[in-house]
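> coords please:
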Amino acid sequence: MKSLGAAMGSDRAGLNDNPAAADPLATRRLRLWIRMLGVTRQIENRLREYLRVEHDTTLPRFDVMAMLHRRSEGLTMSELSRMLLISNGNATAVVNRLVQDGMVERILSDEDRRRVSVRLTPEGAEFFDLLASDHLQMIGGLLSELDDQDLDRMRDTFRRLRDSLSAAG
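Model (predicted):
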């Protein structure tokens, strides 16, 4: 049997097949979530393409270099993967390529030979500075429709949501 929404031709994203769809606020929250995912994917796809075409690099490489730039003393692979929310295997694959390209170096611990840290090389730091500057311009262009008030409201809203989610555990 079709849902009332499906029978009326309004079965968008399965919203009307779910009893929760009777709650207008829940429906609006779900639609906002879908919109946020869509916008995030659009921005990420444009960034990926830009980095590939203009700098012959990838977003994962940019993310690793950005984290290492923030931590100039270096990070262990476990720290890096934890901070980037990626698996150790994925972090290792990206770092291996950056090492091959001379952007990152491995540092063996004097205390524990099993402990290996990674950090940007001077060449990697110089390349990242260029990437970061271009990234800033790219994001500025993609979000140019937002004025100061929009940015402040969105920042405050996302901060409130983040804090609420963190408190909920």
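
> Tell me the helices and strands packed up against the top helix by length along the chain.
Ranked by residue count, the top helix of the chain under DSSP state H comes out as helix 24-55. Here helix 24-55 is seen to pack against helix 59-70, helix 122-142 when contacts are counted using 3 or more Cβ pairs under 8 Å, 6 or more residues apart in numbering; DSSP states H and E. Just so you know, the C-beta spots here come from the backbone N, C-alpha and C atoms, and that holds for glycine as well.

> what's the most buried one of those?
Among these, the stretch with the highest mean neighbour count (mean count of other Cβ atoms under 10 Å) is helix 59-70, at a mean of 19.

> thinking in terms of the whole chain, how far from its middle is it?
Taking Cα atoms, centre = their mean, to the nearest Å, one finds the center of helix 59-70 at 11 Å from the center of the full chain.

> That one: what's the following helix or strand?
Proceeding C-terminally, helix 59-70 gives way to strand 75-76 as the next helix or strand, assigned by DSSP states H and E.

> residues in contact with the helix or strand just after that next one?
The helix or strand immediately downstream of strand 75-76 is helix 77-84, counting by DSSP H and E. Outside helix 77-84, the residues within contact range by Cβ atoms under 8 Å, 6 or more residues apart in numbering are 63-64, 67-68, 75, 87-88, 90-92, 95, 116, 118.

> related to what we said a few turns ago, export the helices and strands packed on helix 24-55 as TSV, with columns for distance to residue 163 and mean pLDDT.
Conversion of the helices and strands packed on helix 24-55 to TSV gives the following (distance: least, Cβ to Cβ, whole Å; pLDDT from 0 to 100):
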stretch	distance to residue 163	mean pLDDT
helix 59-70	22	97
helix 122-142	24	96
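
> Kind regards, and thank you for your time.
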